[in-house]
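J.: give me coordinates for this.
(one chain, ligands or ions: 1)
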Amino acid sequence: MVVLRTVPAARKWVQAARSAGHRLGLVPTMGALHEGHRSLFVEARRRCDRVVASIFVNPLQFGPGEDFDRYPRSFNLDCKIAKEEGIDAIFAPSASEMISEPPEINVSPWRMGELLCGVSRPGHFTGVATVVAKLFNILQPNTAFFGQKDAQQAVILSRMVQDLNFPITMVVCPTIREQDGLAISSRNKYLSPQQRERATVLYKALHHGEQLILAGILKPDRIEAEMHNVIKAAKGVELDYAEVVDSLSLRKVKKIEGEVLLAGAVRLGKTRLIDNLIVRLAKKRQKV
Ligand code: AMP
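T.: All right, here's what the predicted structure looks like:
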């Protein structure tokens, strides 16, 4: 496994892989690798001849007062995990290698970036889309792998690929969870043992919403109110949002049908956690 620190080094490696006819997979990460990242590596390995993982704590996607400085960084352990999963190259540029100073051009979603997490993290998805577009241009993968855990990110980046004509196939892999349902996240490391216990409430609320929908309650307001109640009843947990939206447009739905996304975010002290579930309703049989 090679570690590439600069754009020219990455380009050279990519060129060699592509001219040898290899199908190239990219897994973008911010490091602090865990089982969620591992699952993306496994899928990328399965589908591609060569896999590059990027490790870059992207300053553009953190707002003022957010956790950029204390975001967990564990480069040596990350390399060990990547190697175990058969990753061929790590692209780990410095901030000055990746971000022009001062930046003048960005890639910005329109409304999709202002919904859900965008409300409390303005500019976040512009930071994400800008850096992922740069990674796509530098590493030119055939296929890029993302986690359903960050549903809004996956939807926005898929639209970016579509709207800006990147010749890249997007693969979104399922959310990997702890046994009690908590979605695995690098930010779970911030939680005290007591907060860790309480953190499962987000998954419980989403799961409760899912169960109600599957039982035939199809009013989004009712489902949202039920999810809010579960979260509000938990001690030490602050509701950011819990919404029922269309899984492709991320917009609110009037009636639940087809496929919807239940998405939520909570705060436990300074830690903000997100999670989501996709709920698919079987299509009603047409009468003939
Ligand atoms: P991050 O390092 O948190 O930016 O995540 C890098 C990629 O891993 C993103 O595409 C995430 O959606 C994905 N990811 C993070 N946590 C999980 C998880 N628990 N299950 C599946 N994918 C995940």
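
J.: please work out how many residues are found near residue 238.
T.: 13 (other CB atoms under 10 Å). (Each C-beta comes from the backbone N, C-alpha and C, glycine too.)

J.: how about the contacts made by it?
T.: By CB atoms under 8 Å, 6 or more residues apart in numbering, the residues touching residue 238 are 266, 267, 268.

J.: contact partners of the helix or strand containing residue 27?
T.: Counting by DSSP states H and E, the element that carries residue 27 is strand 24-29. Strand 24-29 is contacted from outside by 14, 17-18, 37, 40-41, 44-45, 47-56, 87, 132, 135-136, 139-146, using CB under 8 Å, 6+ apart.

J.: which among those end up buried?
T.: 14, 17, 37, 40-41, 44-45, 48, 50-56, 87, 132, 135-136, 139-146 (16 or more other CB atoms under 10 Å).

J.: could you chop the protein up by domain?
T.: 2-173, 186-280 (automatic domain parsing).

J.: wondering if stretch 117-132 reaches the ligand at all.
T.: No - Stretch 117-132 is not in contact with the ligand by CB under 6 Å from any ligand atom; minimum separation 8.5 Å.

J.: of all the residues in that stretch, which ones are buried?
T.: 117-118, 121, 123-132.

J.: which residues of the stretch 51-200 of the chain lie near the ligand?
T.: Residues of the stretch 51-200 of the chain lying close to the ligand (CB under 6 Å from any ligand atom) are 146, 147, 149, 150, 173, 175, 176, 183, 184, 185, 186.

J.: which one of the residues you listed is nearest the ligand?
T.: Nearest to the ligand among those: residue 147, at 2.2 Å, using CB to the nearest ligand atom.

J.: what residues are up against the closest one?
T.: Residue 147 touches 36, 39, 40, 154, 172, 173, 174, 175, 176, counting by CB under 8 Å, 6+ apart.
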